[in-house]
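Undergrad: Just a sequence and a predicted model for now, questions to come.
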Amino acid sequence: MGLFDTIKCEYPLPEGLHQNLEFQSKDLECLLDHYTITRDGRLVRHARQGGCGLERDVEWPYHGDIRIYISDPDDTHQLIEYVVRFTHGRVEWIRRAGDAQPAPGPRVD
C-alpha cells in the first residue's frame, strides 16, 4: 500500500460537492504529514503533534503538479482524483485528473 500525505483543499474545486473531502497524495513527502491548500492557493505543511517533525505550520513552496485522490464516498469502487498545478508556490489551476492534459505543442504545418 505505501505511505501517503493527507491534503485538505480550501481552494475552490471544480466540483463543489468534493470540497470538504480529505484527500491523499503520494506526490509530496509520503510521511503521513498533513497539508492544506488554502483559499488563496498556498500549500501549507502542518506541524506534527508530539514533537516530531516541524515545530510550526510552514508554507511549502511547491512547483509542479500534485495528484490528490480519495475513494468516492458514494461508490468506493470509483476514485475522485484531481491534479493541482502549483507555480512558484501558488495554485495555477485545479482540474479533474482526466481533464488535466498537457497543452499541445506548437503547430507545425
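TA: Structure's in. What do you need?
Undergrad: all contacts plus neighbour counts: C-alpha atoms, from now on.
TA: OK.
Undergrad: Give me the residue at the spatial middle of the chain.
TA: With distances taken as C-alpha atoms, centre = their mean, residue 68 lies nearest the centre of the chain, 4.4 Å away.
Undergrad: low-confidence ranges in the protein?
TA: Residues of the chain meeting the criterion pLDDT under 70: 1, 50-53, 100-109.
Undergrad: Break down it into its strands, ranges please.
TA: 5-9, 22-25, 34-37, 43-45, 58-59, 64-72, 75-87, 90-96 (DSSP state E).
Undergrad: wait, isn't the residue nearest to the centre of the chain in contact with residue 21?
TA: No. Using C-alpha atoms under 8 Å, residue 68 is not in contact with residue 21; the gap is 10.7 Å.
Undergrad: who's in contact with the residue lying closest to residue 69 once chain neighbours are set aside?
TA: Among residues not flanking residue 69 along the chain, residue 81 sits closest, at 4.2 Å (C-alpha to C-alpha, 6 or more residues apart in numbering). Contact analysis of residue 81 by C-alpha atoms under 8 Å, 6 or more residues apart in numbering lists 67, 68, 69, 70, 96, 97.
Undergrad: can you do 6 Å?
TA: Residues in contact with residue 81 (C-alpha atoms under 6 Å, 6 or more residues apart in numbering) are 68, 69, 96, 97.
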